[in-house]
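# structure of the sequence below:
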Amino acid sequence: MTTVHTSSIQSLPLLARGKVRDNYAVGEDRILMVASDRLSAFDVIMGEPIPGKGEILTQMALWWFERLGQLCPNHLTGDAPESVVTPDEVPQVTQRSMLVKRLKPIPVEAVVRGYLAGSGWKEYQESRSVCGVPLPEGLTNASKLPRPIFTPAAKAAAGEHDENISYERVVEIVGPKLAQQIRETSIAIYETAAQIALTKGMIIADTKFEFGLDEAGTLVLMDEVLTPDSSRYWPVEGYEAALAAGANPPSYDKQFVRDWLEATKINGKPWDKTPPAPRLPAEVIEKTAAKYREALERLTG
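Model (predicted):
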């Protein structure tokens, strides 16, 4: 297995490097998306890769795309990523890439929450609502919501935090018809995926989707979907105990890294969450890699 912190495909023009993905132009109408093994925490990219992470994210996304096609078309072309690079570049793309349609991205993160966690829990404590969606009294950290809610965010510039916005703001950005379609489609995909995940002993607490429009103006699901990077996955075992204690349930994501970073000191002071990130110890890298592997195995096994 090749570990890739930063891909270097010389045979194609680089379009953009995100926190995790490197995107290359393939002609005018396709993009090669390479999922690296980079990890970002608190919106800062760590210097050390997590071995296998890019492959796991890609395999999970492909597994989900296969099961959600009836709810919304997706960006996959069906062409092999290996077919558009030179032979010596194949190891960088195998198992970790998607060859996708070039779409007009919609500048809204479509976030769906089925449980109260993270920034949603913080907001609920202050206002009994999340992104302007009113919620009943008496919910606690990790509570299941009466029904899933759509809590969009505005995509931020690189290095900035995405910002929660109201549904009204989405209507201003994309218009009422498309806003409603995005909200309904996102909730339908989440509900279907959450049911499937439960049969595998996993709770999807929340997730974010990205959509684009094709030339015909059709809404298309794009980017990664339902990976531990874009979703909060909890194992069902341990959930009830955490809920009763008001604690965060154990999760399949970068929580190990976040916890270690929160506790670490540089020159006697806590890290200020700006680059450069502290060097991750081997043990934290391995535990994080194991969490990602376990998520894939549980889901697809």
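# just want the most central residue of the protein.
Ser230 (1.4 Å; C-alpha atoms, centre = their mean).
# can you give me the helices in the stretch 1-150 of the chain?
53-68, 90-93, 118-127 (DSSP state H, counting those that start in this stretch).
# ok, back up a step: surely the residue nearest to the centre of the chain and Ala193 touch.
No. The pair Ser230 / Ala193 is not scored as a contact, 11.4 Å apart, by C-beta atoms under 8 Å. The C-beta positions use only the backbone N, C-alpha and C, and glycine is treated the same way.
# tell me the strands beside the longest strand that the chain contains, with direction?
Among the segments of the chain that qualify as a strand by DSSP state E, the longest is strand 202-213. According to DSSP bridges, strand 202-213 has the following sheet partners: strand 104-105 (antiparallel), strand 108-115 (antiparallel), strand 219-222 (antiparallel), strand 231-235 (antiparallel).
# contacts for the first one, please.
Under the criterion C-beta atoms under 8 Å, 6 or more residues apart in numbering, residues 210-214, 222 lie in contact with strand 104-105.
# likewise the second one?
Counting by C-beta under 8 Å, 6+ apart, strand 108-115 makes contact with 120, 130, 142-145, 148-155, 162, 164-165, 170, 173-174, 182-183, 185-187, 189-190, 194, 203-211, 232, all of which sit outside it.
# where does pLDDT dip in this structure?
157-160 (pLDDT under 70).
# what comes up buried for the longest helix along it?
In the chain, assigned by DSSP state H, the helix with the most residues is helix 176-199. Residues 178-179, 182-183, 185-191, 193-194, 196-197 are the ones in helix 176-199 that count as buried (16 or more other C-beta atoms under 10 Å).
# likewise for stretch 274-282?
277, 280.
# could you do stretch 261-278 as well?
So, applying 16+ other C-beta under 10 Å, buried residues of stretch 261-278: 261, 271, 277.
# hmm, the last one is touching Arg258, no?
This means Ala277. No. Using C-beta under 8 Å, Ala277 makes no contact with Arg258, being 11.5 Å away.
# on the three-state scheme, Arg169 is what?
Counting by DSSP: H, G, I helix; E, B strand; the rest coil, the backbone at Arg169 sits in helix.
# distance of Ala156 from Val108?
For Ala156, the distance to Val108 equals 12 Å [C-beta to C-beta, to the nearest Å].
# higher neighbour count, those two?
Comparing Ala156 with Val108 by other C-beta atoms under 10 Å, the one with more neighbours is Val108, at 24 against 12.
# quickly list what the more buried one is bridged to.
Ala154.
# isn't Leu135 up against Ser143?
No. Using C-beta under 8 Å, Leu135 is not in contact with Ser143, being 9.1 Å away.
# shared neighbours, those two?
Listed contacts common to Leu135 and Ser143 are Leu116; contacts here mean C-beta under 8 Å, 6+ apart.
# tally of neighbours for Asp22?
Neighbours around Asp22, by other C-beta under 10 Å: 23.
# for it, give me its contacts.
6-7, 9, 14, 16, 33-34, 36.
# likewise for Lys287?
So Lys287 contacts Phe256 (C-beta under 8 Å, 6+ apart).
# next, give phi and psi for the closest residue in space to Ala25 that isn't next to it in sequence.
Using C-beta to C-beta, 6 or more residues apart in numbering and skipping the chain neighbours, the partner closest in space to Ala25 is Pro13 (4.7 Å). Per-residue torsions, Pro13: phi -70, psi 130 (degrees, to the nearest 10).
# look at Pro13 and say how many residues are nearby.
Pro13 has 10 neighbours, counted by other C-beta under 10 Å.
# next one: Glu172 from Asp162, what distance?
With C-beta to C-beta as the criterion, Glu172 and Asp162 are 17 Å apart.
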